[in-house]
Each structure stands twice: as C-alpha cells, then as structure tokens.
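>>> Next input, structure requested:
(chains A and B)
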Amino acid sequence: MSSITGRSELDAAPSGDLAGSTSRRGDRIFAGLSVGSGAIVVALIAAVAVFLLARAIPSLTDNSANFLTDRVWNPGGSPPQFGIPDLLWVTVISSIVAMVISVPVSVGVALFLTQYAPPRLARPFAAAIDLLAAVPSIVYGLWGAYIVLNYLNSIQSAIGRVFGWIPLFHNDQAIPNSIFAGSVILAVMILPIVTALSREVFTQTPAAHKEAALALGATRWEVIRTAVLPFGRPGVISASMLGLGRALGETIAVLFIINTVPTFSWSIFSGGETFASRIARDAGEFDTPQKTGAYIAAGLVLFVLTFAVNAIARVVIERRKDFRE
Amino acid sequence: MSTVASKVPSTRPTPPAGDAIGQVSRSRVLADRSATVLMYGAFLLALVPLVWILWTVLGKGLSLVLDSQWWTNSQAGVSPRRAGGGAYHAIVGTILTAAVTALMAVPIAVFTAIYLVEYGRGRFARTVSFMVDILTGIPSIVAALFIYAVWVGMLGAQRVAFSVSLALALLMIPVVVRSTEEMLKLVPNELREASYALGVPKWKTIVRIVLPTAASGIATGILLGLARVMGETAPLIILAPYTAFINTNMFSGNMAALPTLVFTNFGSNIPAQNDRMWAAALTLIVLVLLLNLAGRFVARFSAVRR
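Coordinates of the predicted model:
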C-alpha cells in the first residue's frame, strides 16, 4: 500500500512547508524510531527470560531438593530446599476449573450479543460485560473473600456428596477458602476476555453461511450450530487459551481467596497456593539472593507456562486467518 | 448444513399439502427455544457479578468516601485501629505512578504501532506483533519479578515508586500498541496517498495526517491502559512497600497506592480497618471505571470515519 507511493522521487522538492529539505533525514530518523520501538518490545521479552533465568540459576544449583518433583519449600534453609509440584498443580487446576466454568457461559454471552440481542441494545450490553474486565483484580479478591465464599460452601459439599469418589472432588479436607472458590472468582475475571474475543469472531461469520442455513429452513439455533459455531471455533479456542493465561498468572484475587493448607490434597475443595500467590505472599522475605532466586525460579516457570499458552492461542487464530484467505 | 437437511424428513410428520413451509417439528422448536433461554440466561448470569460487586463496594465503602477527610488527609499519625484519616497519600501515589508509567509506555507503544502499520513487513514485523501478544499475556507478578531482578538484583537500588512504574509500563505497552494499531489501520489509504502525491515525505504524512486522524483511538488506548495499570496490585506488593505518609518523590522512600492501602487493611476484623479497606476499593474502582468510560466515550464519539 503505502510502500509504492511512499518512495516519491519528489520528496526533496521544496514545494511548500510540508515538504522541507530535511525530509529524507526526517524519514530515516522516524523509521529508526519506529523500528527501534519494535525492537524494544522484542528485547523486553528476551530480557524478562534472561534476567529471570540469570537470577534463578544460582539458587537452582544450590537447591538440594528436586525442583520439579519435591514437595518442600524452604529456600532460606541450609542447604536450601524447594520444589514446585504443588504450586504447579494448584496453578494449573485452578485455572482449568475456571476455564471450564467460564467458557460455556462466555460463549453463551457472545452468542447472545451477536445473534439474539436486539441490534440497538447489543452495544450497551457488550459495554456492560466489558466493564467486568475493568474491575481491578484486588476488588474481585475482596468480593470473593468477603461475600461470595459464604454462598459456595453448600455448592461445594453438594458436588462432594455426589462426586466425592473422584479424588478431584474429595470432601475430606474441604475448607471454605478452597481452590474451587478461587476458580469461581477466576471464572468471573476471565469471562469478559473470552466473551470479547468470541464475540469478535462470531460477528465475522460470513452472512452467506447463515443465509444458506436459513434458506434450508434452519431455526435460529440450527443456524448457530451449523454456521456460526463451526466458523468461530478457532476463535473460541484462542479466546479460551488467552483466558487461561490470564487465570494462570492472577495473583491478588487468588491470594485473598485460597487459603494455604498444611497437607497437600488433590481435591479442588482443599486449599493451596499458586505460583503467583506464593510469590506475593512471601514478597517480604526477599532478603537474600539465595531466597529471592527460589521465588524468581517459580516466577520463571509461570512465565514459561503463560508464554506457551499465549503462543498456542496465537497460533490457533493465525491458522484460521491463513485458512480464510 | 447437511445435518439440518437430513434431519427434516425423518422428524417431520407428513406435512399437509400446500403448507410445507412454516411447519417445524416439535423437537427442533424445543431445541431452538431452550437455546434461546440458555443464551439469555448466560447473559443475565454474566451481569450478576458486575451488579453484585458494585453494590457490595458501594454499600460498604460509600460512607467513608463521602467524608471530605477521605480526599484531603493521609493516614499519617492515625492509629490503624482507629477510624480517621484519609486516602490522599494513596490517591496521589496511584496517580503519580500511573502518570510516570504513561510517560514511559506511550511513546514506545505508539511508535511500535506505527512500525507495525506503516513500516513493518516480513519476519521482523511478525516477530514484533507476536511479542506484543506475549506481552499482553505476561502476568503482572512476572513483570514485577523481572523489574525486581533488574532494579534491586542487578542495580542494587532501593524499591521505590519508579520501579513500580517500570513494571507497569511493561503491562501498559501492549494495551496501547493494540488499540493504536487498530486505529492506524482504519485511517483510509487515500489520505496517505493524497499526502504523498503532494510530495509530503512519509514521516510528515504520519505525524500530520495519520496520527491526528487516529488521535481519538490512541487516546482511548492510553485511557484503557491507564485503567489497567492503576488496578494492578502484584507489582506494588513486590516493589513498593506501603506507607501511611504522603510521598511525591518517585525515586526515594516508600509511596502508598490505593491497592496497597486495600492490601494492608485486608484480613482484619477491626471495623476501622475494614471500612478503610472498602472505601479504598471503592475509590480505586471509581477511578478505574471513570478512566474506562472516558476511553470508551472518546472512542465512540470521534472514531475514524471511513
């Protein structure tokens, strides 16, 4: 587009005040600034990885426990011992449960906004859902910890009564401030993200697909099932992954809601700590490089996890673009 | 689509002649009705948290926020267990930190967006675009740990408000890049080409033609970015210890912020602390929602017109 016409031979011609004689130099400086800013963004991500790695490696080599498999966390001891399996489990399971709760509702909301809501009201309705994304996570944390918790206990014990034979839903060590409670709040937090992206792909459904379905006598639901959902599937998957990434890294709401427990349990009705909440809870203990390094190592794992999830989201949506063109 | 077509003859009772169109089998009607109910239900369900949160925070925080002391006093000299004092120190800290963050993040973000739309071709542009996506998804606590590793670990500096701004800038850049990029893409190519045809160099075309046309979108991006970083708590916990005193120096001493004011008062059952916590949460939510609404307002009423 602009590259063809942008290289005008007349650039240097002194025609009025817009085209000054310094134009070529101006172009070079401006292009340099733009490319430089792009390079800064790339360098920042690289720097995050490099710096976290550089601070984590000394602690990891001093670690006398196995970082990936041992259930201990005593980075200040001598010798220091720390491992992440519990953190990894709680981080992943709380986020996945949040996703399982959130994605169906989000897709429903997105379908409502794009296919059902009266066009005049669709915009304000969508804006209201978007406002959920603007609520700071610390407010979600307060709301969850002081208000919502009181209502979840009965749901929790009901699920436990029926599905208690599955280790994931054991009721033995059930506490009100459980991973499940955290997941419910996380589900609310990622709902606007998943909704916004799903909405975007649903609106892009080619009208021809929908009209073809209608012409065959499909009902509104059949149009959605045969035209809108198949077209939007990659977008919904990508949106869910982005929501998952957000849930994995959420700190303060999780810190406020999920309590620590003395003994590890596979049940989501027990408590625990995620990477982020452990780091935030112990932020006051960053006194020696050795100890800090242990937390930074945990942060590095979280970074790798979210990087992977976001990269997958991106690849899924990119592939759809290729397909469409 | 074949599924619909194949279903029709099997489920439909023999249609009366001349009325083939308009007769839909009961099971299909039922499926359609229940889907409609589910969609409406999902939307109403999604509205519940928004109303509930606003209701809760308003109900618990409003009385203290309406007290004029809240907006003018700090917590200096106020015992945490007693009522009194205000949030002035935290409000000032939050706004100052956000402003410094914007000063660092906005130029980088706008130039990155210009690069992606006006210059970027080929593999490097794809890399930049990919990295912006990754930056969007970076957890705030990881950004904070990174700045901690650089600022405290490598430079040996103290934890001050400026280090928080650095971490927040990392989180703000992708928000502004994406919304600026969207707007720049909407600027009609005819405008650029008309400018080039007059012999205007590319950079002046961007500065004088493209950016002003997209200005409202960029402003929206900045406001939304500010709204996001103001509510972030994790970087503050790692990088900015709370203080009850007013501090406006970004480079020395502790500086309070609204999220840390909430955080220090969390988990207590002393009424004074509880009230303070909810009032700080309300102040924060009002600040963030105002910025957010302002951003949307700007976007709505001065969007680029094709």
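>>> Would you state the helices of the stretch 151-300 of chain A in chain order?
A:179-203, A:207-215, A:220-223, A:229-249, A:252-257, A:275-281, A:289-324 (DSSP state H, counting those that start in this stretch).
>>> what's the angle from the last one to helix A:179-203?
Here helix A:289-324 points in a direction 30 degrees away from that of helix A:179-203 (axes from the mean of the first three to the mean of the last three C-alpha atoms, to 10 degrees).
>>> that older thread, just the helices of the stretch 151-300 of chain A: most buried one?
helix A:252-257 (a mean of 29; mean count of other C-beta atoms under 10 Å in any protein chain shown). (Glycine included, C-beta is placed from N, CA and C.)
>>> helices and strands around it, which ones?
helix A:137-143, helix A:179-203, helix A:275-281 (3 or more C-beta pairs under 8 Å, 6 or more residues apart in numbering or on different chains; DSSP states H and E).
>>> Let's have those in TSV, adding mean pLDDT.
Compiled in TSV, these are given as follows (pLDDT from 0 to 100):
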stretch	mean pLDDT
helix A:137-143	95
helix A:179-203	94
helix A:275-281	94
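>>> Adding distance to chain B, write the ones you listed out as a markdown table.
Formatted as a markdown table, the helices and strands packed on helix A:252-257 follow (distance: least, C-beta to the nearest C-beta, whole Å):
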| stretch | distance to chain B |
| --- | --- |
| helix A:137-143 | 5 |
| helix A:179-203 | 5 |
| helix A:275-281 | 5 |
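>>> one step back: of all the helices of the stretch 151-300 of chain A, which one is nearest residue B:45?
Residue B:45 lies closest, by C-beta to C-beta, to one member of the helices of the stretch 151-300 of chain A: helix A:179-203, at 9.3 Å.
>>> what packs against that closest one?
Helix A:179-203 sits against helix A:85-111, helix A:119-134, helix A:137-143, helix A:149-163, helix A:229-249, helix A:252-257, helix B:26-65, with contacts defined as 3+ C-beta pairs under 8 Å, 6+ apart.
>>> Out of those, which one sits most buried?
Counting by mean count of other C-beta under 10 Å, the most buried of the helices and strands packed on helix A:179-203 turns out to be helix A:252-257, with a mean of 29.
>>> Closest residue of the stretch 151-300 of chain B to chain A?
With distances taken as C-beta to the nearest C-beta, the stretch 151-300 of chain B approaches chain A most closely at residue B:231, which sits 2.6 Å away.
>>> Look at residue A:73 and report its pLDDT.
Per-residue pLDDT puts residue A:73 at 89.
>>> residue contacts, residue B:76?
B:85, B:89, B:244-246 (C-beta atoms under 8 Å, 6 or more residues apart in numbering or on different chains).
>>> ok, 10 Å please
Residues near residue B:76 by C-beta atoms under 10 Å, 6 or more residues apart in numbering or on different chains: B:85, B:88-89, B:243-246.
>>> Make sure I have this right: it is in a strand.
No. Assignment of residue B:76 by DSSP: H, G, I helix; E, B strand; the rest coil gives coil, placing it outside any strand.
>>> Residue B:218 is in contact with residue B:178, correct?
No. Assessed by C-beta atoms under 10 Å, residue B:178 is found out of contact with residue B:218, at 11.3 Å.
>>> Would you mind listing the residues touching both of these two?
Common neighbours of residue B:178 and residue B:218 (C-beta under 10 Å, 6+ apart) are B:109, B:113.
>>> which regions of the stretch 201-325 of chain A lie under the pLDDT threshold?
A:320-325 (pLDDT under 70).
>>> residue of it with the smallest distance to chain B?
Closest point on the stretch 201-325 of chain A to chain B, by C-beta to the nearest C-beta, is residue A:249, at 2.3 Å.
>>> wait, what's in contact with that residue?
A:91, A:95, A:274-276, A:299, A:302-303, A:305-306, A:309, B:137-143, B:234.
>>> burial measure for residue B:290, as a count.
When neighbours are defined as other C-beta atoms under 10 Å in any protein chain shown, residue B:290 has 13 of them.
>>> who's in contact with it?
Here residue B:290 is in contact with A:134, B:223, B:227 (C-beta under 10 Å, 6+ apart).
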